[in-house]
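Asker: Just a sequence and a predicted model for now, questions to come.
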Amino acid sequence: MINYPEQAAIVLNTCADEPLQLIGRVQSYGVLVVLDRESRTVLQMSENATRIFGEDVNFLLKKPFIQLFPTELTQVLTDWLVTSAAYSMLDIEIGDKNYSLRLIPQTELLLIEIEEKQTENLSQLNQMLYHGIALMEKATTLPLLFQAYTDTLLKITAYDRVLLMEFKDNW
């Protein structure tokens with residue numbers, strides 16, 4: 001546990017120096033597809049794309065993005081690629097699974113993150129929230145409150161890391 005505030009400053013200052021553990025990898029629950037912005041053809045995709053598209057990744061390269069999906073999604077995907085703002089989301093269904101697509105435009109590329117949507121268990125989510133709120137209410141110091149908050153956020157989001165930063169008035 002951090003002795004606030006002296007050690008907190010050290011942790012925050014060294015956080016940016018921490019090396020990335022999985023350079024060049026996509027988290028296992030997501031798929032990344034890189035498109036040429038003009039032609040909308042697939043230039044790159046993460047190796048785990050096979051589980052969504054059912055084809056070897058090398059076979060899918062250089063194909064138009066919309067051809068990766070069932071034909072009934074062609075118009076929806078075309079409209080989304082043409083009219084969407086940065087970071088816009090699109091929810092689609094392929095077979096019996098639901099996916100969320102996020103558009104991340106770059107200068108010459110379009111990045112598309114694809115994640116399978118998990119069916120939300122509302123009672124489980126409520127249980128995690130109530131547990132987290134209870135931990136936060138019990139916190140007697142600011143560091144304990146921050147720890148309870150970040151622990152709860154980690155459980156709810158299923159991210160591998162969460163960073164909570166405190167900014168002073170004169171930052």
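Answerer: Thanks, I have the structure now.

Asker: C-alpha only now, for contacts and for neighbours.
Answerer: OK.

Asker: which is the next helix or strand following the helix or strand hosting Leu101?
Answerer: Element membership for Leu101 (DSSP states H and E) is strand 97-105. For strand 97-105, the following helix or strand on the C-terminal side (DSSP H and E) is strand 109-116.

Asker: That following strand relative to strand 97-105, how many degrees between them?
Answerer: Using axes from the mean of the first three to the mean of the last three C-alpha atoms, to 10 degrees, the inter-axis angle of strand 109-116 relative to strand 97-105 is 160 degrees.

Asker: Please state the offset of strand 109-116 from the chain centre?
Answerer: 10 Å (C-alpha atoms, centre = their mean, to the nearest Å).

Asker: which residues are in contact with the helix or strand just after that strand?
Answerer: Using DSSP H and E, the helix or strand that follows strand 109-116 in sequence is helix 122-138. By C-alpha atoms under 8 Å, 6 or more residues apart in numbering, the residues outside helix 122-138 that reach it are Leu144, Leu145, Ala148, Tyr149, Asp151, Thr152, Lys155, Ile156.

Asker: Just those residues: which are in helices?
Answerer: Among those, the ones falling in helices (DSSP state H) are Leu144, Leu145, Ala148, Tyr149, Asp151, Thr152, Lys155, Ile156.

Asker: How about the fifth one: what's its closest non-neighbour residue?
Answerer: In this structure, Asp151 finds its nearest non-sequential neighbour in Gly132, 7.8 Å apart by C-alpha to C-alpha, 6 or more residues apart in numbering.
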